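Student: What shape does this take:
(2 chains)
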Number of protein chains: 2
Amino acid sequence: MVNVDTARFLQDLYELRKIGAFKTGAHRPTYSQQDMESRRWLKTKMEEAGLEATIDGIGNVFGRHKGAGPHVLAGSHIETQNEAGWLDGALGVVSALHLARAGLPVDVCAFADEEGHFSGGFIGSRSIIGDFSEADMDASTNRYDGTPLRTALTAAGLEGIPRLQIDPARYKGFFEMHIEQGTQLENAGLQIGVVTGIVAIWQWQLRIAGQQDHAGGTTMAERRDAGLTAVRLLAAIDADFPRICGERSTWTTGNIELSPGAASIIPGRAEVLFQFRDVSMLKLQEMEAALRRLVQESNRRERCHTELIEVHKATPALCDPGTMRALEGAAEALAPGKWQSMPSGAGHDAQNIAKVLPVSMLFVPSIGGISHHWAENTRDEDLEMGMRVLAEGVERYLAGSN
Amino acid sequence: MVNVDTARFLQDLYELRKIGAFKTGAHRPTYSQQDMESRRWLKTKMEEAGLEATIDGIGNVFGRHKGAGPHVLAGSHIETQNEAGWLDGALGVVSALHLARAGLPVDVCAFADEEGHFSGGFIGSRSIIGDFSEADMDASTNRYDGTPLRTALTAAGLEGIPRLQIDPARYKGFFEMHIEQGTQLENAGLQIGVVTGIVAIWQWQLRIAGQQDHAGGTTMAERRDAGLTAVRLLAAIDADFPRICGERSTWTTGNIELSPGAASIIPGRAEVLFQFRDVSMLKLQEMEAALRRLVQESNRRERCHTELIEVHKATPALCDPGTMRALEGAAEALAPGKWQSMPSGAGHDAQNIAKVLPVSMLFVPSIGGISHHWAENTRDEDLEMGMRVLAEGVERYLAGSN
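Tutor: Sure thing, here's the model as predicted:
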């Protein structure tokens, strides 16, 4: 059994937490001074672990194992959401580093901007599989302040540095450890989740056109109230989706905007952000069909027309049965009865790597399910258990006993 | 029958439209340069009509008839909403001026800030009945830029000028002509509306507390989605209110705000602006009881608690049967079959004057129901008919033939 120094693993996580510390969390927006400091910190750590380390032209920090294969790739991201948690991303990167430190033939990568500070999405893991073109780079801007990606890269000292691409032939698979960002494990009293797949998000906008009018002068019978059509349609979705959804499907109305949004004015326009997620392509297609039927029915009954706009439709990334078996075996060996299989409701870099390699993910519990907030946390013993199960799983996978 | 020079009446309206002209409408925010210019223009017009004219310390422009009574008071407001119409308010002021010009014993008033550029609401008509204290003046600020009312009055040259109060004993009643701000008259092919009362607005806020969570990591069964509770409650209101509402009740959800309002975050908080209006106090009370029952039921069923917050509850102002009979008689004489009785869905200065005098209002059609927009308009023949019915009604009322 591979030997991991879990104390040193925790110590490295604590050290990284200090870079851009914010309350008990961290603030390291992509390409910020703090973020670049953390990337240089990681490069040094990789070198100490005997890896050949580089920071590439998109900010990916890559540590290449110098020895013979078969290799696996492991990692996650190192930047954070604004004023967010210390483990989201960092856990996957530091655990990957400690796989290498424990002597496993592992290349380690921190993929740039998983958190999406720049438009395009997952630009680091897309770049490394050759799915982020120069034109994509030209088009990408910071979603908070509009800074072009190229300007930010120049300011971070990354201009002109080549971007790395991985050779899938080098790897047997990819591993990413991450916090759960939910309460499934905690509520069930478990320590480990072996991820079956990463759900795809199908994001929609509902745009409803009514007639803006004075709320006093316009009788109920005359109105074309866009807000009310939105409410009735969303209530219909709420009533109907449970009939067609899967066991772990989710659907969410994140925003409703009524225009002009004043107390005494009948809304002339409503815009709704609606999404659903599932790990099954078939289920996603069924939910789309249900949504289209509901919008069609709304347009038959209502005075205000609803336009259904597709914002984006991703493909679910299924985890590889072989990597899953290795992790399940490791979990049962080290934490018997304290683990479960589960889908990931959130997106991760692994979903891009899955396009070229077998991937797997391991979850550890999030205290109270808190995520994308500085209060995010996980118990030390769960972090250590995750590290040990990951190392054992990678060793089993490389040994081919799966 | 009293003789009104309707050509000159229209000419005065056109002249006033030029002050702060905006496209085909007008932009005269309260106490702005354009607004003060219109007040001085009105004062001169009042003097030309033989009235004793003053601008008081809140900006009310008052023209006092010099002859013997019994008198009536007539008027409306002269400032406009931003970039709004040329007739809203102006019509009631200029028509009142022409009552005096036609020789009727009428005091004319343009009440300051009916449009509510300053907080407090209806500060001119409240001041003139003694319902706007010095402390109220201290507290009032511009709702767009925060300027204190007193600072604005000083800038407008009104500081230190006494505020007028009317003596109710001087008047037999109050008359206000106004555009309908709806499409009832237009749709029915009518020229005149005799107003039965001014609805009261009961304005509420619904504040719903849920739990903000990641839309991927949190299963449907774990969620406390404040937005969904809002949607279900508003759908229940939509289903139940038609069972208890009156013939001309209105209810409106003007705004729904979900926090944080992002595509992938379950809303932790929802705030809804909800109001209803009616001219009957009993009906208003029934609607409040229904709303309270629906919120109570929501709180029984839902995981997110809804707090019902009363923002304001006004009292409906019923028009005086005597003044109404005079206007109805005049309407039937001059526009037989072309008028109807109807409530006013919008608020007007008359609702404050109703606290001390018998009041009545006369509506003329709004083309397309457009209001609070520069495109607001009324056909010249409808304006002239309104002026003639108003004058005839005031004459009949003063003659006591009601």
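Student: what's the distance between the residue in the stretch 251-400 of chain A that chain B sits nearest to and A:Gly254?
Tutor: Ranking the residues of the stretch 251-400 of chain A by distance to chain B (CB to the nearest CB) places A:Gly345 first, at 3.2 Å. The way it works is simple: take the backbone N, C-alpha and C, and place the C-beta from them, glycine included. From A:Gly345 across to A:Gly254, the span is 14 Å (CB to CB, to the nearest Å).
Student: For the residue of the stretch 251-400 of chain A closest to chain B, report the pLDDT, please.
Tutor: A:Gly345 is assigned 91 on the pLDDT scale.
Student: Does anything pack onto the helix or strand of chain A with the lowest mean pLDDT? Which helices or strands?
Tutor: Ranked by mean pLDDT, DSSP states H and E, the helix or strand of chain A with the weakest confidence is strand A:213-214, at a mean of 86. Packing contacts for strand A:213-214, counted by 3 or more CB pairs under 8 Å, 6 or more residues apart in numbering or on different chains; DSSP states H and E, involve strand A:265-266.
Student: Partner strands of the helix or strand just after the strand it packs on and their direction?
Tutor: Next helix or strand after strand A:265-266 toward the C-terminus (DSSP states H and E): strand A:269-278. According to DSSP bridges, strand A:269-278 forms sheet pairs with strand A:200-209 (antiparallel), strand A:250-259 (antiparallel).
Student: count of neighbours near A:Val389?
Tutor: 27 (other CB atoms under 10 Å in any protein chain shown).
Student: oh sorry, the question was meant for A:Asp380
Tutor: 13.
Student: right, and it touches A:Leu10 too?
Tutor: Yes - counting by CB atoms under 8 Å, A:Leu10 is a contact partner of A:Asp380 at 6.1 Å.
Student: can you count the residues close to the residue of the stretch 251-400 of chain A closest to chain B?
Tutor: 25.
Student: Now do the contacts for it.
Tutor: A:181-182, A:199, A:248, A:250, A:277, B:214-219 (CB atoms under 8 Å, 6 or more residues apart in numbering or on different chains).
Student: cool, and A:Leu16?
Tutor: A:26, A:38, A:41-42, A:78, A:86, A:90, A:94.
Student: picking up where we left off before, which positions in the helix or strand just after the least confident helix or strand of chain A come out as buried?
Tutor: The helix or strand immediately downstream of strand A:213-214 is helix A:226-244, counting by DSSP H and E. Using 16 or more other CB atoms under 10 Å in any protein chain shown as the test for burial, helix A:226-244 gives A:226-238, A:241.
Student: Could you do stretch A:176-189 as well?
Tutor: A:176-186.
Student: could those residues go into TSV alongside secondary structure, distance to A:Lys66 and pLDDT?
Tutor: Formatted as TSV, the buried residues of stretch A:176-189 follow (DSSP: H, G, I helix; E, B strand; the rest coil; distance: CB to CB, whole Å; pLDDT from 0 to 100):
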residue	secondary structure	distance to A:Lys66	pLDDT
A:Glu176	strand	22	98
A:Met177	strand	23	98
A:His178	strand	27	98
A:Ile179	strand	31	97
A:Glu180	coil	34	95
A:Gln181	coil	34	92
A:Gly182	coil	38	90
A:Thr183	coil	41	91
A:Gln184	helix	39	92
A:Leu185	helix	36	96
A:Glu186	helix	40	96
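Student: can you list the domains in chain A?
Tutor: Domain assignment of chain A by automatic domain parsing yields the ranges A:6-199+A:316-399, A:200-313.
Student: one step back: taking the strands paired with strand A:269-278 together, which one is wrapped up most tightly?
Tutor: strand A:250-259 (a mean of 23; mean count of other CB atoms under 10 Å in any protein chain shown).
Student: and it with helix A:226-244, angle?
Tutor: 170 degrees (axes from the mean of the first three to the mean of the last three CA atoms, to 10 degrees).
Student: mind listing what the closest residue to A:Arg17 other than its chain neighbours touches?
Tutor: Distance criterion CB to CB, 6 or more residues apart in numbering or on different chains; nearest residue to A:Arg17, sequence neighbours excluded, is A:Trp86 at 4.2 Å. Contacts for A:Trp86 (CB under 8 Å, 6+ apart) come out as A:13, A:16-17, A:24-26, A:80, A:376-377.
Student: Dihedrals phi and psi, A:Leu13?
Tutor: phi -60, psi -40 (degrees, to the nearest 10).
Student: you'd agree it is up against A:Gly92?
Tutor: No - using CB under 8 Å, A:Leu13 is not in contact with A:Gly92; the gap is 11.0 Å.
Student: between those two, who's got more neighbours?
Tutor: Using other CB under 10 Å, the more surrounded residue of A:Leu13 and A:Gly92 is A:Gly92, with 32 against 21.
Student: Find me the pLDDT at that one, would you?
Tutor: 98.
Student: quick check, it in a helix?
Tutor: Yes - A:Gly92: assigned to a helix according to DSSP: H, G, I helix; E, B strand; the rest coil.
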